[in-house]
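Undergrad: Sequence first, predicted coordinates after that:
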Amino acid sequence: TQLLEQSPQFLSIQEGENLTVYCNSSSVFSSLQWYRQEPGEGPVLLVTVVTGGEVKKLKRLTFQFGDARKDSSLHITAAQPGDTGLYLCAGARGYNNNDMRFGAGTRLTVKP
Amino acid sequence: KAGVTQTPRYLIKTRGQQVTLSCSPISGHRSVSWYQQTPGQGLQFLFEYFSETQRNKGNFPGRFSGRQFSNSRSEMNVSTLELGDSALYLCASSLGRGGETQYFGPGTRLLVL
């Protein structure tokens, strides 16, 4: 079983729609990161959240870290075809972020 | 500056063989972490090297090993390959002081026949 559960696994929407993907765990993390991965490439970091309850915005993307630092969500407003990709959440188990535990990912397709 | 590079990008091996993958981190980065990515299990942490020493280790069998050189370049070795070892192997580098961003390479796609 995954330490971090992401939902949904797959999401296909039309351009302009809004969406939310979730990342849940029973474990507490010192920080949580969201990545986007495109075919043939490695994951690219989108954001790191550290404080429980923290909300960060990156243009049309809004990231929230749960109060208990066990879960997170990513909301995309007015999705565009360029948002298509695999979205991964990853939790750091300690001070050293270099031991990360990843969720299985949400594969998002945004159709024009 | 140049990103993380991995060689080779693609590799085909047969069961029982061994393989060595290479990762060159971003200049100045001293930490290199390795991950295995498969459709069924997602991204799983293999190990991390910092200053030529293994600092963290995931739950993989001893067939998976690695090392880091004085210039921070790292290699990963898998011995006695199994079909289930087919995966995308990613490395990520960071400064290594803790709490900073990891930068991923494009990965090496390994197919075991």
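TA: That came in fine, so what should we check first? Numbering: from 1, shown residues only, chains lettered A, B, ... in the order given.
Undergrad: and whatever residue of chain A ends up closest to chain B, what does it touch?
TA: Closest residue of chain A to chain B, CB to the nearest CB: A:Gly42 (3.0 Å). All C-beta spots, glycine's among them, are computed from the backbone N, C-alpha and C. Counting by CB atoms under 8 Å, 6 or more residues apart in numbering or on different chains, A:Gly42 touches B:Val4, B:Leu90, B:Ala92, B:Phe104, B:Gly105, B:Pro106, B:Gly107.
Undergrad: For B:Gln36, give me its contacts.
TA: B:Gln36 neighbours (CB under 8 Å, 6+ apart): B:Leu43, B:Gln44, B:Leu46, B:Phe60, B:Ala87, B:Leu88, B:Tyr89, B:Leu90.
Undergrad: can you do 10 Å?
TA: Contact analysis of B:Gln36 by CB atoms under 10 Å, 6 or more residues apart in numbering or on different chains lists B:42-46, B:58, B:60, B:64, B:76, B:78, B:85-90, B:107, B:110.
Undergrad: near chain A too, which of those residues?
TA: Of the residues in these, proximity to chain A by CB under 10 Å from any CB of the partner chain holds for B:Gly42, B:Leu43, B:Gln44, B:Phe45, B:Gly58, B:Leu88, B:Leu90, B:Gly107.
Undergrad: from these, which two are the most distant?
TA: B:Gly58 and B:Gly107 (16.8 Å; CB to CB).
Undergrad: Comparing these two, which residue is more hemmed in?
TA: Using other CB atoms under 10 Å in any protein chain shown, the more surrounded residue of B:Gly58 and B:Gly107 is B:Gly107, with 25 against 16.
Undergrad: Assign B:Leu111 to helix, strand or coil.
TA: strand (DSSP: H, G, I helix; E, B strand; the rest coil).
Undergrad: And B:Gln37, by the same measure?
TA: At B:Gln37 the chain is in strand, as set by three-state DSSP.
Undergrad: List the beta-bridge partners for it.
TA: Applying DSSP bridges to B:Gln37 gives these bridge partners: B:Leu43, B:Leu88.
Undergrad: What separation is there between it and A:His75?
TA: Remark: distance between B:Gln37 and A:His75 (CB to CB, to the nearest Å) = 25 Å.
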